[in-house]
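Participant: structure, please.
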Amino acid sequence: MIASLFAMYRPRFATTLVYMLQSTEYQAGPYLAWFWRTQHFDRVMYRRTLDPTKTARLLRLAVLAGMALEVAVGVALILVWWLAGVAGAEYFGLALIIAYPVIWAHLVVVPLLLGRWFIVLPREQRLKAGAKQIFANHPGVKIAVAGSYGKTSMKELLLTVLSEGKKVAATPANKNVASSHAQFAANLDGDEDILIIEYGEGKPGDVPAFAATTQPTHGIITGLAPAHLDQYKTLERAAQDILSLAEYLDQKQVYINDDSPSLHEYTAKLTQLARYSHQGALGWKVSKVQVKPDGTSFSLSKGKRELKLHSGLLGQHQLGPLSLAVALALELGLSEKQVVSGVAQTQPFEHRMQSRQLGGAWIIDDTYNGNLEGVRAGTQLLANLSAKRKLYVTPGLVDQGKQTKVVHEQVGELIAQAKPDIVVLMQNSVTKHIQKGLDTGHYQGEVRVEADPLAFYQNLEHFVAAGDVVLMQNDWTDNYA
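Facilitator: Presented below is the predicted three-dimensional model:
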């Protein structure tokens, strides 16, 4: 604790504050909550470092200058007391010197709040208005992709397959909020056949707002799981927001993942929705499935037509998205040859069931921010793969709100059902809940709890052996306890 207090008086502390702001996407509330629960500021940047963007550099410079100025004022007041005998000046000066780290930890959010209200929000409104006009006038098919999970993978899958025969543009990487949609619109050529727009919902009202701006002609709902419950509070409110996409399109040309059990309760009355699953999509039926660490092979048939397909995507949970991509591509005018070629080029997006070999072992990297359904898919995959030894590695799930305990006990039970030989947990606030779930599921294998996650990941090659399959799921960033 004393070492942490001393860390607040080092020049590096300004960088730490800006790093914390950057990690919370410059949101004052999450940043301040993180600041006040942090006991060891010298460990905050243990896993990652500050990304030196222009904003970050300017903020760091401003904080350092402000801290230096405050200390200078404090010293000046003490000198005033000493030289001129002004009573009380010495206490005020000393207080300024002692308290400057805490004062500037809070003052740093002031320019962010002012900038957001007077610069960012007005600019976003102008950009959104311009984007809305661009999307309204665009002649192409506009496919919106929404859901608690699987959005980026679905978007990239569609982009790869549809690009075999059409001019396609898609929102890049994880750029999936209002400002990203506006930037995407501004960079369009205007003659694209198909636009694919990912919706990164994070709070109530996001999806209706995104739809109003992007004006989709088609909608895909990839699934529902506990996510962002710190904002949505309940799964029902998250479902209402995501399913507003179906309401916007009046249930026409809306495709919903029937493999997502949480969606069933909320879509029972939406009878016009088209559904896709591991069994197929839009009349196409899946058969002859083979899942290996390097990809998935299967057949799709409809009447007398049969397509033999291989994808670099991994797992039976990918059969639904793949089937939908194939069926949509054929409906939008691609030939069977183009579709087969497109599916053959599909690969996992970064940190989403991405497989690689390490010392004769297969490492399956699914460490992008996860959810319960992702854990369900991952543990099922691990159970189905052949290996000399199976290992499951996870720190748990973030943003689970009041459902944290219940969700992580379910995580533990799902892991137990997969029966890996070794379970590796990262020590944090949810570890005990996962362990309880493992006990409830009567897990009989070895459980290891790692106090130093970074060291474990950096030395993974010393932990695995030839013939192992290691599934690493989810991430636990520095701003979570």
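Participant: tell me the bridge partners for residue 256.
Facilitator: residue 221, residue 275 (DSSP bridges).
Participant: now do the same contact list for it.
Facilitator: Counting by C-beta atoms under 8 Å, 6 or more residues apart in numbering, residue 256 touches 220-221, 246, 263, 267, 270, 273-276. Where you see a C-beta, it was placed from the backbone N, CA and C, and this is true even at glycine.
Participant: go through those residues and name the one nearest residue 171.
Facilitator: residue 220 (13.4 Å; C-beta to C-beta).
Participant: quick check: that closest one vs residue 146, distance?
Facilitator: 7 Å (C-beta to C-beta, to the nearest Å).
Participant: nearest spatial neighbour of residue 249, skipping sequence neighbours?
Facilitator: residue 219 (5.1 Å; C-beta to C-beta, 6 or more residues apart in numbering).
Participant: need the contact list for residue 264.
Facilitator: Per C-beta under 8 Å, 6+ apart, neighbours of residue 264: residue 258.
Participant: just the CA trace of the helix or strand harbouring it, in CSV.
Facilitator: For residue 264, the host element (DSSP states H and E) is helix 261-267. Written as CSV, here are the backbone C-alpha positions of helix 261-267 (Å, rounded to 0.1, in the frame of the first residue of the first chain):
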residue,chain,number,x,y,z
PRO,A,261,-31.3,-20.4,-26.6
SER,A,262,-31.7,-17.0,-24.9
LEU,A,263,-33.4,-15.6,-28.0
HIS,A,264,-36.2,-18.2,-28.0
GLU,A,265,-38.2,-16.6,-25.2
TYR,A,266,-38.1,-13.2,-26.8
THR,A,267,-38.8,-14.2,-30.4
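Participant: need the mean per-residue confidence for that helix.
Facilitator: For helix 261-267, mean pLDDT rounds to 90.
Participant: distance from stretch 117-124 to the middle of the chain?
Facilitator: Its chain's C-alpha centre and that of stretch 117-124 lie 25 Å apart, by C-alpha atoms, centre = their mean, to the nearest Å.
Participant: what residues sit buried inside the particular helix or strand that has residue 410 in it?
Facilitator: Secondary structure assigned from DSSP H and E places residue 410 in helix 404-418. For helix 404-418, burial by neighbour count (16 or more other C-beta atoms under 10 Å) applies to 404, 407-416, 418.
Participant: ok, stretch 213-232 next?
Facilitator: Result for stretch 213-232 [16+ other C-beta under 10 Å]: buried residues 213-216, 218-232.
Participant: residue ranges for the strands of the stretch 351-481 of the chain, please.
Facilitator: For the stretch 351-481 of the chain, the strands defined by DSSP state E, counting those that start in this stretch occupy 354-358, 361-366, 389-394, 422-426, 446-450, 468-473.
Participant: need those strands in CSV (columns: distance to residue 132).
Facilitator: Below are the strands of the stretch 351-481 of the chain laid out as CSV (distance: least, C-beta to C-beta, whole Å):
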stretch, distance to residue 132
strand 354-358, 35
strand 361-366, 36
strand 389-394, 41
strand 422-426, 43
strand 446-450, 48
strand 468-473, 38
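Participant: burial measure for residue 110, as a count.
Facilitator: A total of 10 residues lie near residue 110 under the criterion other C-beta atoms under 10 Å.
Participant: low-confidence stretches in the stretch 101-250 of the chain?
Facilitator: Scanning the stretch 101-250 of the chain for pLDDT under 70 picks out 228-229.
Participant: so which strand or helix has the residue nearest to residue 249?
Facilitator: strand 218-221.
Participant: who's in contact with that strand?
Facilitator: Counting by C-beta under 8 Å, 6+ apart, 141-147, 154, 242-243, 245-246, 248-249, 253-257, 263, 324, 328 sit against strand 218-221.
Participant: so who does residue 14 touch?
Facilitator: By C-beta under 8 Å, 6+ apart, the neighbours of residue 14 are 60, 63-64, 67, 104.
Participant: where does it land on pLDDT?
Facilitator: Reported pLDDT for residue 14: 91.
Participant: quick one: it is in a helix?
Facilitator: Yes. Under DSSP: H, G, I helix; E, B strand; the rest coil, residue 14 falls within a helix.
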